[in-house]
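**Student:** quick one, what's the 3D model for this:
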Amino acid sequence: MKKYIPLILLVIFTLSTNLSAQWFDITPKNVGENLYSVYFTNSDTGFVVGWGSSRSLFMKTFDGGTTWDIQNFVGIYLFNVTAKNGKEIFLSGFTTRGLCGIVWNSSDGGKNFTEIQFDDLSNPFSYGIMNFLRKDDTSYFAIGYNGAIIYSENSGTTWKAADTKSPDEIFRYITFPTHEIGYAASGANFNFINKIYKTTNWGDSWIKIQDFTNGSTYINNLYFLSDKVGFIAGNNQSKESILKTTDGGITWLEIYSGDALNSITTMFFENPQVIYAINDEGKIIKTENGGENWSVYRDNQDFQLITSQGMTQDSNFIAYGVGAGLIKKFAKIVDVQELSDNSNFDIYPNPVRDLATIKIPELYKTEQLKITITDILGRTVYEKQDVFLDYFAFNTFSLPSGTYFYRVFTQTALLKSGKFIK
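**Tutor:** Here you go, the predicted model:
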């Protein structure tokens with residue numbers, strides 16, 4: 001952030017900013033179901049799915065979680081959501097109508113869906129689809145129960161079951177670092193994923209290359225940056241853990257071991273050296289040397305996450321996490337503190353209810369001013385140009401409760417900043 005030090009009639013103003021980051025609750029009202037998957041295509045556009053005893057939910061936001069559109073479904077259970085952009089969306093799960101796995105595809109931002117059933121009639125069978133991968137414009141993979149890795153080479157028109165030789169396994173994670181080479185993770189139980197499979201022929205057949213069944217390593221996510229270098233996010237020896245391979249998944253070395261009874265849920269790779277990882281209590285760790293050393297970016301919180309997603313925006317790390325009846329957003333905020341000898345330049349009342357007033361001192365009544373109001377996430381909620389007044393009043397009735405920052409600018413500099421509570 002730029003720092004302005006204007007000199008006006010020998011009055012000097014200095015601005016200091018303390019950049020910090022924290023988790024924010026962006027859960028909409030009346031959502032208490034377990035939320036199993038979150039996918040944001042950018043910092044504003046995101047999707048969440050989950051289900052409870054009476055309904056399944058598909059939720060979408062186009063303003064970073066400030067508002068949500070919620071669609072309810074009965075008779076289906078949604079496990080995963082992924083999207084190419086804000087328009088093309090894929091949901092996967094189970095339907096009670098056909099007692100089989102399903103994939104729903106939308107090309108209009110979730111307004112309408114086309115259902116694909118994996119019922120052993122029109123398509124290969126899986127009791128439930130746990131994950132969906134859109135490898136490219138025409139290549140799709142649906143994975144899940146009954147050892148299912150099912151793929152399409154024509155954008156979902158026809159499907160073929162890959163040979164996994166593992167009919168009792170549940171596949172949950174799949175990734176392709178190259179066109180031909182892919183990796184998938186499975187387990188005998190939904191919550192205990194502990195085996196890794198590999199394909200070298202685009203996904204037509206798979207072989208098991210790693211089995212942690214006799215150990216205590218459980219996989220929450222699987223990542224490969226190349227055909228050789230990969231990472232496991234999960235739990236090892238009852239501690240949150242990250243493992244790394246450099247030989248294509250044959251051998252794994254633990255590069256991070258953390259809190260007992262916790263688990264790493266997600267990793268985000270800004271590049272091969274700068275990596276973030278999130279655990280199931282919202283702790284975020286970071287490495288800048290490919291995993292050799294890790295530092296705590298944000299410590300454990302008082303909530304539980306089922307899964308999460310990270311990304312960067314404007315060189316800042318942001319994340320979204322979901323759990324039992326909650327959606328969390330992690331973002332940097334700017335806490336503005338100012339040292340000023342102009343104590344008359346204030347906002348009142350503070351806290352405010354429906355109307356806030358900024359008093360403009362005599363010294364600046366002839367200045368052409370601009371006033372901006374931002375929320376704690378840095379989003380501008382109000383802006384007014386060309387203010388020539390003794391005081392400036394603005395309506396706060398429609399603002400949600402929370403902390404807000406106001407800034408007053410001249411044509412060339414920041415004149416005053418402060419905060420108020422609604």
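**Student:** how about Leu363, phi and psi?
**Tutor:** Leu363 adopts backbone torsions of phi -60, psi -30, taken as degrees, to the nearest 10.
**Student:** how close does it sit to Asn350?
**Tutor:** Noted for Leu363: a distance of 22 Å to Asn350, by Cβ to Cβ, to the nearest Å. For glycine as for every other residue, the C-beta is placed from the backbone atoms N, C-alpha and C.
**Student:** got it, and Thr312?
**Tutor:** Distance of Thr312 to Asn350, given as Cβ to Cβ: 34 Å.
**Student:** so Lys198 touches Tyr183, yeah?
**Tutor:** Yes. With contacts counted by Cβ atoms under 8 Å, Lys198 reaches Tyr183, the gap being 5.5 Å.
**Student:** quick check: neighbours shared by the two?
**Tutor:** Gly249 (Cβ atoms under 8 Å, 6 or more residues apart in numbering).
**Student:** more crowded one of those two?
**Tutor:** The neighbour comparison of Lys198 against Tyr183 (other Cβ atoms under 10 Å) goes to Tyr183, with 24 against 18.
**Student:** does the more buried one belong to a helix or a strand, and which?
**Tutor:** Element membership for Tyr183, per DSSP states H and E: strand 182-187.
**Student:** partner strands of the helix or strand that comes right after that strand, with direction?
**Tutor:** Next along the chain after strand 182-187, taking DSSP H and E as the criterion, comes strand 195-199. Using DSSP bridges, strand 195-199 pairs in its sheet with strand 182-187 (antiparallel), strand 207-211 (antiparallel).
**Student:** was I right to think Asn236 contacts Ser216?
**Tutor:** Yes. Assessed by Cβ under 8 Å, Asn236 is found in contact with Ser216 at 6.4 Å.
**Student:** so those two - more neighbours on which side?
**Tutor:** Using other Cβ under 10 Å, the more surrounded residue of Asn236 and Ser216 is Asn236, with 22 against 13.
**Student:** which residues does the strand holding Tyr183 contact?
**Tutor:** 143, 147, 149, 164, 166, 169-177, 193-199, 202-203, 206, 218-219, 222, 224, 230, 249.
**Student:** go again using 7 Å as the cut-off
**Tutor:** 143, 149, 166, 169-176, 193-199, 203, 206, 219, 222, 224, 230, 249 (Cβ atoms under 7 Å, 6 or more residues apart in numbering).
**Student:** surely Gly234 touches Ser263?
**Tutor:** Yes. With contact defined as Cβ atoms under 7 Å, Gly234 and Ser263 form a contacting pair (5.9 Å).
**Student:** what is in contact with those two at once?
**Tutor:** Joint contacts of Gly234 and Ser263 (Cβ under 7 Å, 6+ apart) are Asn220.
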